[in-house]
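> model this:
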Amino acid sequence: MAMLNHLTGDQLSEFDDTGFLVFEGLFDDDLNQRLKDDVDLMMDDRARGEKKMVMSYDELGALTSEPVVVDRVADLVGGRKFTHYHIHARWRGEGERGVAWHHDYVQIPQTNRSHLMVHVFMYLDGLNGEVGDLLVMPGTHKKVMNGDAFRQFEYDDLPGSLSIDDLAPGSIIIVHSSVQHTRRPKPGGRSFRRYFIDTSYCQDGVRWSSYPNVEAINEVALEKGFDRNGKYAFLYDTSQLYDRLAERERLNAVNEGRPVLKLAKGSPV
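Below is the predicted model of the structure:
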């Protein structure tokens, strides 16, 4: 896949330096509303006890190959191919809990950052200082650490952290998945819903630990035409992923002393 030049050289340098890029109001009103409607539908389904696959919703599933998102990710990976990893969606209202400091880079165990993984945070109604702010720690993608390395700080502002609490509707933030971040709980929300979707993508070249049902998820994506006539079929390539639960069990079985010597044979990565 060729680089598509949606990002400038300055933006690429900024991403390398800080680990994230903000795009205010990127989605047009029509796309934004269709996504909100699908999130509402999904939330209603779940309130009735129906937990459908997120990929099965027409607008949310199509978002995983939305060109205004995917083509920017393509520039970040330098024109190399990459795989869709997951999509999460919901809205939050008054009194919601926060999420403590963490990162989302999937690797068992955490040892390097040789290949890029990004999360795309999407704020359909923007951010206004109510319900929950996003805090990020710029530059933490340059250090290898466990996802919960900062968790003891919960939602605190930390030296060097940046608070993002004012975004236009339809804004997205592309984040290196190993950047530490938190959702800080805030009061308010009676008249404001914090619509949030995140998708993630993994650079090809190594296999990534994933969910046991990823093959079924990708089959739904292809059946519903989210590959956009084959242009984005590479996003749903199950061969780039493996079952993380089975791999974690295998690691736990040898995790004493120097497990790398025991794992030298038979590793899927």
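
> ok but residue 89 is inside a strand, no?
Yes. Counting by DSSP: H, G, I helix; E, B strand; the rest coil, residue 89 is part of a strand.

> before we move on, what SS does the closest residue in space to it that isn't next to it in sequence have?
The shortest distance from residue 89 to any non-neighbouring residue, by Cβ to Cβ, 6 or more residues apart in numbering, is to residue 197 (4.3 Å). For every residue, glycine as well, the C-beta is placed using N, CA and C. Put simply, residue 197 is strand when judged by three-state DSSP.

> dump the residue contacts of residue 197.
Neighbour list for residue 197: 35, 39, 60, 63, 87, 88, 89, 122, 124 [criterion: Cβ atoms under 8 Å, 6 or more residues apart in numbering].

> and of those residues, the nearest to residue 17?
Closest to residue 17 out of the contacts of residue 197 is residue 122 (22.8 Å), distances taken as Cβ to Cβ.

> any idea how far the closest residue to the closest one other than its chain neighbours is from residue 115?
Nearest in space to residue 122, with sequence neighbours left out and distances taken as Cβ to Cβ, 6+ apart, is residue 197 at 4.3 Å. Distance of residue 197 to residue 115, given as Cβ to Cβ, to the nearest Å: 24 Å.

> Flag the shaky bits of the chain, pLDDT-wise.
The chain contains residues with pLDDT under 70 at 1-5, 260, 262-269.

> which helix in it runs the most residues?
Looking across the chain with DSSP state H, the single longest helix is helix 29-47.

> export that one as CSV, just CAs?
C-alpha atoms of helix 29-47 as CSV (Å, rounded to 0.1, in the frame of the first residue of the first chain):
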residue,chain,number,x,y,z
ASP,A,29,-22.1,16.1,9.9
ASP,A,30,-23.7,13.3,7.9
LEU,A,31,-21.2,10.7,8.9
ASN,A,32,-21.1,11.9,12.4
GLN,A,33,-24.8,11.6,12.8
ARG,A,34,-25.0,8.2,11.3
LEU,A,35,-22.4,7.0,13.7
LYS,A,36,-24.2,8.5,16.7
ASP,A,37,-27.4,6.8,15.5
ASP,A,38,-25.6,3.4,15.4
VAL,A,39,-24.1,3.9,18.8
ASP,A,40,-27.6,4.7,20.2
LEU,A,41,-28.9,1.5,18.5
MET,A,42,-26.1,-0.6,20.0
MET,A,43,-26.7,0.9,23.5
ASP,A,44,-30.4,0.2,23.2
ASP,A,45,-29.7,-3.4,22.1
ARG,A,46,-27.4,-3.9,25.1
ALA,A,47,-29.9,-2.4,27.5
